[in-house]
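Colleague: Give the three-dimensional model of this entry:
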Amino acid sequence: MINGHIKIGSSLSGVLKNSLALPFVMLSTFIMPVQAHDILPAPVQTSAILFKHATIHTAVDGVKADSDLLIEDGNIMAIGKELVAPEATVYDASGKHIYPGLIALDTSLGLVEVEMMRPSNDSHEVGEINPQLEALTAFNPDSEIIPTVRVNGISHAQIVPRGESLAGQSALVSLDSWTVEEAIVPTQTAFHLYWPRLKPLPSDTKKREEQRKDYQDRVSQISDAFTDGYRYYLAHKAETKSKLDMRWQSMLPLYRGEAQLFVHANTQKQIEEAAALAKRYQFKLIIVGGYDAWRLAELLNEIEAKVIYTRTLSLPMRKDEPIEMSFKIPALLKQAQVPFALGFSSDWNSRNLPLAAGQTVAYGLSREDALKSITLDAAKILGVEDMGAIAVGYRANLVISGGDILDPMVTKIEKVYIDGRDVDLNNRQQQLYQKYLKR
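Modeller: Model (predicted):
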C-alpha cells in the first residue's frame, strides 16, 4: 500500500468491496496482458445425478463399497445401496472411486501467473503491516494455472497474501467460476502473519549481535502493531476513538474473537513466540508451516491452536535430522493429538497436494487420516461446516477417479464436480500435449 492506495493486479473483480473500505483505489498499469484460459465454467446443476455402485470415500464415515450417491441442486441428498431416483441422470460408477473435492491450503493460485515476472505476481504488497489488504481483490479466476490444478482433484483453494510481517487476509475460493464474487466461499476472517526467523548465527561476535538485534526489532514491530490494534479496539469498544485507521479497523474481528490468526512459523522459537502472542490476546491461532509443532503439542493444545503443515515434500530443516523427517511429522502431530491439515505453499505446484498426502501414509499416517487432512480437516480449520466430506447436506464437491487419489500413478481422475456442476477438465498442459503429439 502506498499513500493509502491499494495496488491490484491480476483481477479487477471484487475491487468494489475494498473501495468502500479504503479512501482510494489504484489500478496498476499492466506491462503484459493478463493470462486467461478459454475454458467455460460449468453451468449450474439443473437435474439430479445418481452415481451407482461406486466405492465412496466419505472422509467422515469410512469407505462405503458398492454404494450409490445422489446429488441434487448442488448438494448431497442420499448415500446408500440400491438408491432409486426416477428423475435423476444415472452414472454407472462401477469400479470407480468417489472422493470429496480436495482443498488446497496456503496457495497463491490466481494471484501468480509467472512467478519471476513481477507484473503477473500479485501475492505481495509493499509495507510490512497491512492487515486491511485482502488477497481476494487480486484473485484472477481466469488464471491458466487453475485448470492445471483442479485436474488433480482440487476443487477449492485458500488464496493467501505473502509478506514479511502482517500481510493481509486470505480467502477460500472455488476453482471454477466466472467472477471473483462467484468464487468466494464464506469463511471466518483470516489474517496472515509471517513470523521472523532467527537464522543460524555467525561466529563473528559483532555480526551475531547485529543479527540478534535485527530479529528482536522485527519481533518488537509485530508486538507494537498488535498493541496499537488492541488500543484501537478498546477505544472503538468504548466509542472514544478519535480517528479512523483502516489497519486497526480491519482487525476488530480478531480482537472480538470472530476471526483467526494464521501465523507462518516453523521453528520451536517462532511457534512459542506466536503462541505467546495469541495467548495474550486470546486469538484463535493457526500455525502454518509447523515443522516443530509436534514438539510443542502441550502448548498448542492448551490454547486450542491448529496446524497447517506445509513441508511434507521438503528436505529436513536441520542437517542432523533423518532424511525422512518431513514425511513423518503429520503422523507425529496425529499422535500428539494436535488438530492439523496439510497444505502446499505454492501456486502451480499445489497440484501435488494429493501426492504429499499419500507420502504421509508411507510414514505412519493412516490412509483415512491422510485423506481427511486435505478435505474435511482443511475445511474445519477454515471454519467451513458443509465441505470436505461426502455426507448428506454437504456440498456436492466430488472427484471421480479410476484409482487411489493419493497415488498419482493410478489416480486417473475422470470427473470433478463443484457444487454439483460438472467441471471441464481440459487445461493448457493437455492442449499442448495434444498439439505436439501431432507434430
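
Colleague: gap between stretch 336-343 and the chain center?
Modeller: Distance of stretch 336-343 from the chain centroid (C-alpha atoms, centre = their mean, to the nearest Å) equals 14 Å.

Colleague: Same check on stretch 117-133?
Modeller: Distance of stretch 117-133 from its chain centroid, counting by C-alpha atoms, centre = their mean, is 17 Å.

Colleague: and that stretch, how far apart are its ends?
Modeller: 22 Å (C-alpha to C-alpha, to the nearest Å).

Colleague: what is the mean pLDDT for that stretch?
Modeller: The pLDDT scores in stretch 117-133 average 85.

Colleague: Show me which residues of that stretch are buried.
Modeller: 119-125, 129-133 (16 or more other C-beta atoms under 10 Å). In this view, the C-beta of every residue, glycine as well, is placed from N, C-alpha and C.

Colleague: Ok, stretch 280-287 next?
Modeller: Within stretch 280-287, the residues that qualify as buried by neighbour count (16+ other C-beta under 10 Å) are 281, 283-287.

Colleague: Could you export that stretch as PDB, CA atoms only?
Modeller: C-alpha atoms of stretch 280-287 as PDB (Å, rounded to 0.1, in the frame of the first residue of the first chain):
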ATOM      1  CA  ARG A 280      -2.000 -12.600  25.300                       C
ATOM      2  CA  TYR A 281      -5.000 -11.500  23.200                       C
ATOM      3  CA  GLN A 282      -7.000 -14.800  23.200                       C
ATOM      4  CA  PHE A 283      -6.600 -15.100  19.500                       C
ATOM      5  CA  LYS A 284      -7.700 -18.200  17.600                       C
ATOM      6  CA  LEU A 285      -4.300 -19.400  16.400                       C
ATOM      7  CA  ILE A 286      -3.400 -21.500  13.300                       C
ATOM      8  CA  ILE A 287       0.300 -22.300  12.800                       C
END
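
Colleague: Tell me the first helix or strand C-terminal of the lowest-mean-pLDDT helix or strand in the chain.
Modeller: Ranked by mean pLDDT, DSSP states H and E, the helix or strand of the chain with the weakest confidence is strand 26-27, at a mean of 34. From strand 26-27 onward toward the C-terminus, using DSSP states H and E, the following helix or strand is strand 49-57.

Colleague: Report the strands that pair with that next one, each with its relative direction.
Modeller: Looking at strand 49-57 with DSSP bridges, its partner strands are strand 63-72 (antiparallel), strand 89-92 (parallel), strand 97-100 (parallel).

Colleague: And the second one, what's buried?
Modeller: When neighbours are counted by 16+ other C-beta under 10 Å, the buried residues of strand 89-92 are found to be residue 91.

Colleague: cool, the first one as well?
Modeller: The neighbour-count criterion (16+ other C-beta under 10 Å) identifies 64, 67-72 as the buried residues of strand 63-72.

Colleague: isn't there a helix covering residue 173?
Modeller: No - counting by DSSP: H, G, I helix; E, B strand; the rest coil, residue 173 is not part of a helix but strand.

Colleague: wait, isn't it in contact with residue 107?
Modeller: No - between residue 173 and residue 107 there is no contact, the gap being 9.6 Å when judged by C-beta atoms under 8 Å.

Colleague: out of those two, which sits in the more crowded spot?
Modeller: Taking neighbours as other C-beta atoms under 10 Å, residue 173 and residue 107 compare with residue 107 leading, 28 against 24.

Colleague: Ramachandran coordinates for residue 430?
Modeller: Here is the backbone geometry of residue 430 (degrees, to the nearest 10): phi -70, psi -40.

Colleague: Distance of it relative to residue 424?
Modeller: Distance, residue 430 to residue 424, using C-beta to C-beta, to the nearest Å: 11 Å.

Colleague: between those two, who's got more neighbours?
Modeller: Using other C-beta under 10 Å, the more surrounded residue of residue 430 and residue 424 is residue 424, with 16 against 13.

Colleague: Using the three-state scheme, assign that one.
Modeller: At residue 424, secondary structure determined by three-state DSSP is coil.

Colleague: ok, and the closest non-adjacent residue to it?
Modeller: Using C-beta to C-beta, 6 or more residues apart in numbering and skipping the chain neighbours, the partner closest in space to residue 424 is residue 39 (5.1 Å).

Colleague: again with residue 412
Modeller: Closest residue to residue 412 apart from its sequence neighbours, by C-beta to C-beta, 6+ apart: residue 402 at 3.5 Å.

Colleague: about what we covered before: need the overlap of contacts for residue 173 and residue 107.
Modeller: Here residue 173 and residue 107 have 157-159 as joint contacts, going by C-beta atoms under 8 Å, 6 or more residues apart in numbering.

Colleague: Quick one: list the elements packing against the longest helix that the chain contains.
Modeller: Secondary structure of the chain per DSSP state H: the longest helix is helix 205-237. Contacts defined by 3 or more C-beta pairs under 8 Å, 6 or more residues apart in numbering; DSSP states H and E place helix 205-237 against helix 246-250, helix 252-255, helix 268-281.

Colleague: So for residue 349, which of those helices sits nearest?
Modeller: Closest to residue 349 of the helices and strands packed on helix 205-237 is helix 268-281 (C-beta to C-beta; 23.5 Å).

Colleague: shaky segments in the stretch 1-150 of the chain?
Modeller: Across the stretch 1-150 of the chain, the ranges flagged by pLDDT under 70 are 1-36.

Colleague: thinking again about what came up before, with distance to residue 220 and mean pLDDT added, can I get the helices and strands packed on helix 205-237 in CSV?
Modeller: Shown next, in CSV, are the helices and strands packed on helix 205-237 (distance: least, C-beta to C-beta, whole Å; pLDDT from 0 to 100):
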stretch, distance to residue 220, mean pLDDT
helix 246-250, 17, 96
helix 252-255, 20, 97
helix 268-281, 11, 97
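
Colleague: between those, which gets nearest to residue 386?
Modeller: For residue 386, the closest of the helices and strands packed on helix 205-237 is helix 252-255, at 21.5 Å, according to C-beta to C-beta.

Colleague: buried stuff in the helix or strand just after that closest one?
Modeller: The helix or strand immediately downstream of helix 252-255 is strand 259-265, counting by DSSP H and E. Within strand 259-265, the residues that qualify as buried are 259-265, counting by 16+ other C-beta under 10 Å.

Colleague: No more questions from me, cheers.
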